[in-house]
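**Student:** Build me a model from this:
(one chain, ligands or ions: 1)
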Amino acid sequence: MIDEITITKAITSKFVEKFLDGIECDVAIVGAGPSGLTASYYLAKAGFKVSLFEKKLSLGGGIWGGGMMFNKVVVQTPALEILDDFGITYEQFDENHYVVDAIELAGALIHRAVKAGVKVFNLTSVEDVMIRDGKITGLVINWTAVEMSGLHVDPMTISAKAVVDATGHDAIVCRLVAKKTGELELRGEKYMHAEAGESGVVENTSEVFPGLFVTGMAVAAVYGLPRMGPIFGGMLLSGKKVAELIAKKLK
Ligand code: 48F
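**Tutor:** Numbering: from 1, shown residues only. All right, here's what the predicted structure looks like:
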């Protein structure tokens, strides 16, 4: 027999169990676009406890719409090994450009991240950071619905040994740290130049403040790099690189 109250109890208890476990993590990732999802997967696979916070209902960030709503994206040769790790299909267009279905890319990144053990909290906005002795020690979170409706409800906190800003063009976490500490400067994303943007994002993926790492388009916002449009290899490579940097630091 199916019972409505059992359904309510099952959802509530299992969500609270997940939330309680996710409150104290090794790595807190903010933003579930291509870079955040990739980073979360490699970190969870390496055995770290990862909580991923996404303000929207669905994960995937800027993947779904491809280029100008044509739901295909381009990936360059060096990132093919990441597509292989995720079991994502690609089609060669010329010697360095490969085409990936945006829906398969988003779906596979999400699926593999969750299967690797990443705890995903969607509908959750990061609105501030916690700092102790000059180092980021956690995040301040609230339901996106609270923020959207302008309700006067206090947020709550989670702790992490490392935090990743994967919030894309807005670089929200870096922006907060810059504003509140005066110890970080955001140069702002520049004009379109796909080649320079792609390599620059990967090269500059780094720890920008003690305990705070940056990946994906947020790197361009911090370091003043060009944008690159619907080519996604740099996002995947940056996500993998930030996972490696954090793994090295935490181990
Ligand atoms: O924008 P997004 O996809 O970031 P990304 O991983 O990838 C960029 C590409 O999609 C594309 C591009 C590639 O050439 O230019 O734009 O750098 O994903 C960022 C995610 O962060 C979420 C946001 O909803 C999106 O899904 N996000 C932003 N602010 C917050 C947040 C916040 N305060 N709290 C939680 N999530």
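**Student:** how many neighbours does Trp143 have?
**Tutor:** Neighbour count for Trp143, taken as other Cβ atoms under 10 Å: 17. Backbone N, C-alpha and C define where each C-beta goes, glycine included.
**Student:** One more: Val120?
**Tutor:** Val120, neighbours per other Cβ under 10 Å, totals 20.
**Student:** tell me the contacts of it?
**Tutor:** Ala32, Leu52, Glu54, Leu59, Ala113, Val114 (Cβ atoms under 8 Å, 6 or more residues apart in numbering).
**Student:** Next, work out how far apart it and Ile29 are.
**Tutor:** Counting by Cβ to Cβ, to the nearest Å, the gap between Val120 and Ile29 amounts to 10 Å.
**Student:** and what of Phe121?
**Tutor:** Distance from Phe121 to Ile29, by Cβ to Cβ: 10 Å.
**Student:** So between those two, which is more surrounded?
**Tutor:** More crowded of Phe121 and Ile29, by other Cβ under 10 Å: Ile29, with 34 against 20.
**Student:** Name the secondary structure element that contains that one.
**Tutor:** strand 24-30 (DSSP states H and E).
**Student:** Run through the neighbouring helices and strands of the helix or strand just after that strand.
**Tutor:** Using DSSP H and E, the helix or strand that follows strand 24-30 in sequence is helix 34-45. Using 3 or more Cβ pairs under 8 Å, 6 or more residues apart in numbering; DSSP states H and E, the elements in contact with helix 34-45 are strand 24-30, strand 50-53, helix 102-116, helix 233-250.
**Student:** Just name the most buried of these.
**Tutor:** strand 50-53 (a mean of 28; mean count of other Cβ atoms under 10 Å).
**Student:** related to what we said a few turns ago, overlap in contacts, Val120 and Ile29.
**Tutor:** In contact with both Val120 and Ile29: Leu52, using Cβ under 8 Å, 6+ apart.
**Student:** Enumerate the residues of this protein near the ligand.
**Tutor:** 30-36, 53-56, 61-63, 125-126, 166-168, 170, 172, 216-218, 228-229, 231-232, 235 (Cβ under 6 Å from any ligand atom).
**Student:** coming back round to it: mind putting the contacts of Val120 in TSV, distance to Ala247 and pLDDT included?
**Tutor:** Formatted as TSV, those follow (distance: Cβ to Cβ, whole Å; pLDDT from 0 to 100):
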residue	distance to Ala247	pLDDT
Ala32	20	99
Leu52	16	99
Glu54	22	99
Leu59	22	98
Ala113	16	98
Val114	20	98
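**Student:** Which two of those residues have the greatest separation?
**Tutor:** Farthest pair in those (Cβ to Cβ) is Glu54 and Val114. Separation: 12.1 Å.
**Student:** follow-up on the earlier one: and for Phe121 and Ile29, which residues touch both?
**Tutor:** Joint contacts of Phe121 and Ile29 (Cβ under 8 Å, 6+ apart) are Ser51, Leu52, Phe53.
**Student:** Give me the local confidence score for the residue nearest the centre of the chain.
**Tutor:** With distances taken as Cα atoms, centre = their mean, Gly36 lies nearest the centre of the chain, 2.1 Å away. On pLDDT, Gly36 comes in at 99.
**Student:** ok, and the closest non-adjacent residue to it?
**Tutor:** In this structure, Gly36 finds its nearest non-sequential neighbour in Ala166, 3.1 Å apart by Cβ to Cβ, 6 or more residues apart in numbering.
**Student:** before we move on, the earlier item: just the shared contacts of Phe121 and Ile29 now: which is nearest Val242?
**Tutor:** Of these, the one sitting nearest to Val242 (Cβ to Cβ) turns out to be Leu52, at 13.0 Å.
**Student:** Contact partners for that closest one?
**Tutor:** Ala28, Ile29, Ala32, Gly36, Leu37, Ser40, Leu59, Ala113, Val118, Lys119, Val120, Phe121.
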